[in-house]
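Enquirer: I'd like to go over a predicted model; first the sequence, then the structure.
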Amino acid sequence: MDKPVRFVRIYFSETDRGPRGTLKEYLFEHLRRTHQVHGVTVFRGIAGFGQSGESHASDLLRLSADLPLVLEFFDAPERVEAALQDIRPLIKPGHMVSWDAFCNC
Amino acid sequence: MDKPVRFVRIYFSETDRGPRGTLKEYLFEHLRRTHQVHGVTVFRGIAGFGQSGESHASDLLRLSADLPLVLEFFDAPERVEAALQDIRPLIKPGHMVSWDAFCNC
Amino acid sequence: MDKPVRFVRIYFSETDRGPRGTLKEYLFEHLRRTHQVHGVTVFRGIAGFGQSGESHASDLLRLSADLPLVLEFFDAPERVEAALQDIRPLIKPGHMVSWDAFCNC
């Protein structure tokens, strides 16, 4: 656990659109191919709300098409900064958090 | 990523009860309406155990009704403190973690 | 939120093998029984890639058998260190992150 990294979580929804296709697909592929950041993982939440105060929930009877997603990744701070510079315009205010961590890199 | 926030994760189970309905519904609505904290998201785990040493697991053949849940949120430290004062009695010891982070708020 | 803890996230895949059975089962049971660490939870992602650059994605039409998993746990720093010493050889480089947090322990 020696190497310092910057850990990032970005919140959006399954229906959010990116420059091409869904925002999820765009961020995932862009971080992976252009920035080659380390270890991108996307998780689907079962309920969530953001600044809009709008809530999104899933239950057994209703398969929601607009559940909250979180994409997380981490890498050396300078590499994360470069990636964030690039994708920041696509992320709503208050929908990205980051903190310092250590990696077994 | 300029504004300092406090990031919180709270662990419980789908069958935990709150003052009204499930604990999940209570925490989610309470944080949302009363405290208006920023960005509450709930995730469902596929396996977990807490202090009881009891384990909860899902597999393809058995749809468990008692899977672990985690609710996460973040906001300005003073707003998070106010919310935690309020909900802390509902959370089992050792089932809440928090740390400092930065937000694009 | 008084007690300092070390928070750990470990990334792997549903098909990764451990010394016995899947890596998921091994890590989960080992952390639970041998190290008795506090609060282990496993989450399944819907898309991810690690150092290989390989991507794993789930969609409605294809039930992937190789989705990304993350196992998280936290406990007192010295207990986490003891557990990590033990499981570190099983974790791929760059697949484990950790940071300091506080717990309502």
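Expert: Received, thanks.

Enquirer: Now do the strands in chain A.
Expert: Assigned by DSSP state E, chain A shows strands spanning A:3-13, A:40-44, A:47-49, A:56-57, A:68-75, A:96-103.

Enquirer: Around residue A:71, how many other residues sit close by?
Expert: 24 (other CB atoms under 10 Å in any protein chain shown). Bear in mind the C-beta positions are built from the backbone N, C-alpha and C, glycine included.

Enquirer: go on, residue A:33?
Expert: 9.

Enquirer: re earlier: same list, the strands of chain A, but as a markdown table with distance to chain B please.
Expert: Shown next, in a markdown table, are those (distance: least, CB to the nearest CB, whole Å):
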| stretch | distance to chain B |
| --- | --- |
| strand A:3-13 | 6 |
| strand A:40-44 | 6 |
| strand A:47-49 | 4 |
| strand A:56-57 | 8 |
| strand A:68-75 | 5 |
| strand A:96-103 | 4 |
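
Enquirer: Now tabulate these in CSV and tack on mean pLDDT and distance to residue C:86.
Expert: Converted to CSV, the strands of chain A look like this (pLDDT from 0 to 100; distance: least, CB to CB, whole Å):
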stretch, mean pLDDT, distance to residue C:86
strand A:3-13, 96, 20
strand A:40-44, 94, 24
strand A:47-49, 82, 36
strand A:56-57, 60, 39
strand A:68-75, 95, 23
strand A:96-103, 97, 18
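
Enquirer: mind checking which of those strands is nearest residue C:85?
Expert: Of all those, strand A:96-103 sits nearest to residue C:85, with 15.0 Å by CB to CB.

Enquirer: What is that closest one packed up against?
Expert: When contacts are defined as 3 or more CB pairs under 8 Å, 6 or more residues apart in numbering or on different chains; DSSP states H and E, strand A:96-103 sits against strand A:3-13, helix A:77-87, strand B:3-13, strand B:96-103, strand C:96-103.
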